[in-house]
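A.B. asks: Pasting a predicted model and its sequence here:
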Amino acid sequence: MTQQLISSPFLKPFFLRTPLRVVSPQRRRRHTLPASEFRNLTPQDAISVFEIEREAFISVSGECPLTLDEVLNFLGQCPELSLGWFEEGQLVAFIIGSGWDKERLAQEAMTQHVPDTSTVHIHVLSVHRHCRQQGKGSILLWRYLQYLRCMPGLRRALLICEEYLVPFYHKAGFKEKGPSAISIPNMHFHEMEYMLCGQAYTRRNSGC
């Protein structure tokens, strides 16, 4: 899959609903940022991505899904398969994916991007520690999947997760394909699949 600019309704900024009030010109800020914005990540976002990922995963499993070098690699090769959620310019949650060309994920899928394929491998979904337990992970995953539906040629998304996360991905529409062939010491994974067939869903009633 070659790098491309995608025009998608799921990447447009949105604004939090607040009561309308009149602000005098003297108090009006000259430069403002969207309250919330979804966009593809770039290598310039890599440090923020890795800091959120490291804090989220090291404390739980002792392993990061992606090293900083791998984050930089994927954001350089396939930024169109990533999605970041920014609030007032600060990254609060993200997903990083890459292309894959086989029916099931293999060990080399953890570090490789295969361009021009119909399958996306979702490497990591992570939310900043101050923004957890707010439903942001579910909202971001939903937007990401609908964004992928708008990209021509994509047919499905694959990921691996630990058993305690299987219900989360089931709720998002993923189906279990069985135990994963990917191994990390003392960790066992399930492989999950999401079919990207059909049109993008109507906008979710999530306040976003």
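C.D. replies: The structure has been received and is ready for your questions. Treat the numbers as computed from the prediction; the structure is a model and nothing was measured.

A.B. asks: so what's the backbone phi/psi at the nearest residue to Met192 once chain neighbours are set aside?
C.D. replies: Closest residue to Met192 apart from its sequence neighbours, by C-beta to C-beta, 6 or more residues apart in numbering: Phe174 at 4.0 Å. To be clear about C-beta, it is placed using only N, CA and C from the backbone, and glycine gets the same treatment. Phe174 adopts backbone torsions of phi -80, psi 150, taken as degrees, to the nearest 10.

A.B. asks: what packs against the longest helix that the chain contains?
C.D. replies: Ordering each helix of the chain by length in residues (DSSP state H) puts helix 46-61 first. Identification of packing neighbours for helix 46-61 by 3 or more C-beta pairs under 8 Å, 6 or more residues apart in numbering; DSSP states H and E yields helix 68-77, strand 90-100, strand 119-127.

A.B. asks: could I get those as JSON lines with mean neighbour count and mean pLDDT?
C.D. replies: Shown next, in JSON lines, are the helices and strands packed on helix 46-61 (neighbours: other C-beta atoms under 10 Å; pLDDT from 0 to 100):
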{"stretch": "helix 68-77", "mean neighbour count": "18", "mean pLDDT": "97"}
{"stretch": "strand 90-100", "mean neighbour count": "22", "mean pLDDT": "97"}
{"stretch": "strand 119-127", "mean neighbour count": "24", "mean pLDDT": "97"}
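
A.B. asks: What average pLDDT does stretch 44-57 get?
C.D. replies: What stretch 44-57 shows for mean pLDDT is 93.

A.B. asks: Quick one: residues in contact with the lowest-mean-pLDDT helix or strand in the chain.
C.D. replies: Least confident element among the helices and strands of the chain, by mean pLDDT, DSSP states H and E: helix 46-61 (a mean of 85). With contacts defined as C-beta atoms under 8 Å, 6 or more residues apart in numbering, helix 46-61 is touched by 41, 63-68, 71-72, 75, 84, 90-91, 93-94, 96, 124, 126-129, 162, 187.

A.B. asks: Give me the distance from that helix to the chain's centre.
C.D. replies: 14 Å (C-alpha atoms, centre = their mean, to the nearest Å).

A.B. asks: tell me the angle of that helix relative to helix 68-77?
C.D. replies: Angle, helix 46-61 to helix 68-77, by axes from the mean of the first three to the mean of the last three C-alpha atoms, to 10 degrees: 130 degrees.
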